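>>> Pasting the sequence and the predicted coordinates here, then a few questions.
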Amino acid sequence: MRALLFVTFLVVAGPALSETVTLSPVMLPEWKAVYGRIETKETIPARARIGGTIRSLSVSEGDTVTEGQEIAVVHDDKIEFQIAAYDAQISALKAQLETAETELKRGETLVERGVATVQRLDQLRTAVDVVRGQITATEAQRDISVQQATEGRVLAPAAGKVLTVPVTPGAVVLPGEPVATIGGGGFFLRLSVPERHATALAEGDAIRITTDSGENEGRIAKLYPQIDNGRVTADVEVAGLATAYVNARVLVELPVSEREALLVPVAAVLTRSGIDFVTVSEAEHEAERAVVTGETVVTDSAEMVEILSGLAAGDIVVTP
């Protein structure tokens, strides 16, 4: 019984099957670490259309608004006085119109009796037309003032997040002065890359992003042709980008070039006493070589590790 158990143990502890891999150089991307900023695609100021005093302010930094939402009301006392003045002018002109129409009817009666001339009747008709024209012009000017009063409502130009609110209730603003800044159109990463790497970048290239939640991947959506202070600007689209803070910095790695590398399966590397060894097949026997490993690369077939030294192209690696 003891012999049977011993034989069984030897069978279980026997050597495992192995396979060989012939090393050949492969091209790996060379990554450049830079910092990108989380920005909104569109930054639009919500401007006051008239000057006056801010009567109410309904948003603050960080609020989410919809397009056309009222965010503030600007009030100008002079507009109300203008409307009251136009109302008084219209009342006076209407009284003049009544008098002119009465004179016109009297003139028509006198012309029928032969007392007044036709020339006098034409003058009365002209006076009525002039007063009516003055009333129409004054009412149009009044409508302009009423429209200016409605333009005191400051509306959100687009849907998005309120980034800045540089005013407070009671502050005086001028026409065209921004009341708030709206960031809309979604979020993206904006990169500033040294110009020496500009030729290595192209729209659609994949990039690696490192955040607090882990690694993510994005693609270059746009490369700007103008170089500013020795740097190229690029926009990167990233799915699931954290948008809690605008202009937050994120670590990004860009593929700026390619290099040759030797890759072996991770299972082929054996570590003993802090030294990495790889078994290679030489002639009719196997030998272990000490190697220096680099980064780990995940390919479509398996997880590979880069060999920096200790092996050469053409070596046959034995993989358990």
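Thanks, I have the structure now. Here the structure is a predicted model, which means the values were calculated and not measured.
>>> When you work out contacts or count neighbours from here on, use the C-alpha atoms and nothing else.
OK.
>>> Report the beta-bridge partners for the residue nearest to Asp77 when sequence neighbours are not counted.
Nearest residue to Asp77 in three dimensions, chain neighbours excluded: Gly52, at 7.9 Å (CA to CA, 6 or more residues apart in numbering). Per DSSP bridges, the residues bridged to Gly52 are Val173.
>>> now stretch 105-117: mean pLDDT?
The average pLDDT for stretch 105-117 rounds to 82.
>>> Show me which residues of that stretch are buried.
Gly107, Glu108, Val111 (16 or more other CA atoms under 10 Å).
>>> Also stretch 246-255?
Val246, Arg249, Val250, Val252, Glu253, Leu254, Pro255.
>>> Among these, which lie within strands?
Arg249, Val250, Val252, Glu253, Leu254, Pro255 (DSSP state E).
>>> secondary structure class for Gly170?
Under DSSP: H, G, I helix; E, B strand; the rest coil, the three-state class of Gly170 is coil.
>>> could you list every residue that touches it?
Each residue near Gly170 by CA atoms under 8 Å, 6 or more residues apart in numbering is listed here: Thr53, Ile54, Arg55, Ser56.
>>> Mind doing that once more with 6 Å?
Thr53, Ile54 (CA atoms under 6 Å, 6 or more residues apart in numbering).
>>> So what's the predicted local confidence for it?
Confidence score, pLDDT, at Gly170: 91.
>>> any idea how far Arg190 is from it?
37 Å (CA to CA, to the nearest Å).
>>> cool, Ala95 as well?
67 Å.
>>> neighbour count winner among those two?
Each of Ala95 and Arg190 has its neighbours counted (other CA atoms under 10 Å); Arg190 has more, 24 against 12.
>>> count of neighbours near the residue lying closest to Gly218 once chain neighbours are set aside?
Distance criterion CA to CA, 6+ apart; nearest residue to Gly218, sequence neighbours excluded, is Val238 at 4.5 Å. For Val238, the neighbour count with other CA under 10 Å is 19.
>>> thinking again about what came up before, so of the buried residues of stretch 105-117, which ones are in helices?
Gly107, Glu108, Val111 (DSSP state H).
>>> returning to what we had before: how about a markdown table for the ones in strands among the buried residues of stretch 246-255, with distance to Gly230 and pLDDT added?
Converted to a markdown table, those look like this (distance: CA to CA, whole Å; pLDDT from 0 to 100):
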| residue | distance to Gly230 | pLDDT |
| --- | --- | --- |
| Arg249 | 20 | 84 |
| Val250 | 21 | 84 |
| Val252 | 19 | 84 |
| Glu253 | 19 | 83 |
| Leu254 | 17 | 80 |
| Pro255 | 19 | 80 |
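>>> okay if I get those as TSV plus distance to Ala48?
TSV is the format used below for these (distance: CA to CA, whole Å):
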residue	distance to Ala48
Arg249	32
Val250	35
Val252	39
Glu253	42
Leu254	42
Pro255	45
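>>> Which single one of those residues is nearest to Ala159?
Checking these against Ala159 by CA to CA gives Arg249 as the nearest, at 24.0 Å.
>>> which strand residues sit across from Val280 in the sheet?
Beta-bridge partners, per DSSP bridges, of Val280: Ala287, Val317.
>>> That one and Val317 touch, don't they?
Yes: taking contacts as CA atoms under 6 Å, Val280 lies within contact range of Val317: 4.4 Å.
>>> which one of the two has more residues nearby?
The neighbour comparison of Val280 against Val317 (other CA under 10 Å) goes to Val317, with 24 against 21.
>>> For Leu121, the count of nearby residues, please.
Quick note: Leu121 (other CA under 10 Å) scores 20 neighbours.
>>> which element is it on?
Taking DSSP states H and E as the definition, Leu121 sits inside helix 118-150.
>>> Can you list the buried residues in that helix?
121, 124-125, 127-128, 131-132, 134-135, 138-139, 142, 145, 148-149.
>>> okay if I get the buried residues of stretch 246-255 as JSON lines plus distance to Ala261?
As requested, those are exported to JSON lines (distance: CA to CA, whole Å):
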{"residue": "Val246", "distance to Ala261": "39"}
{"residue": "Arg249", "distance to Ala261": "32"}
{"residue": "Val250", "distance to Ala261": "28"}
{"residue": "Val252", "distance to Ala261": "23"}
{"residue": "Glu253", "distance to Ala261": "19"}
{"residue": "Leu254", "distance to Ala261": "18"}
{"residue": "Pro255", "distance to Ala261": "15"}
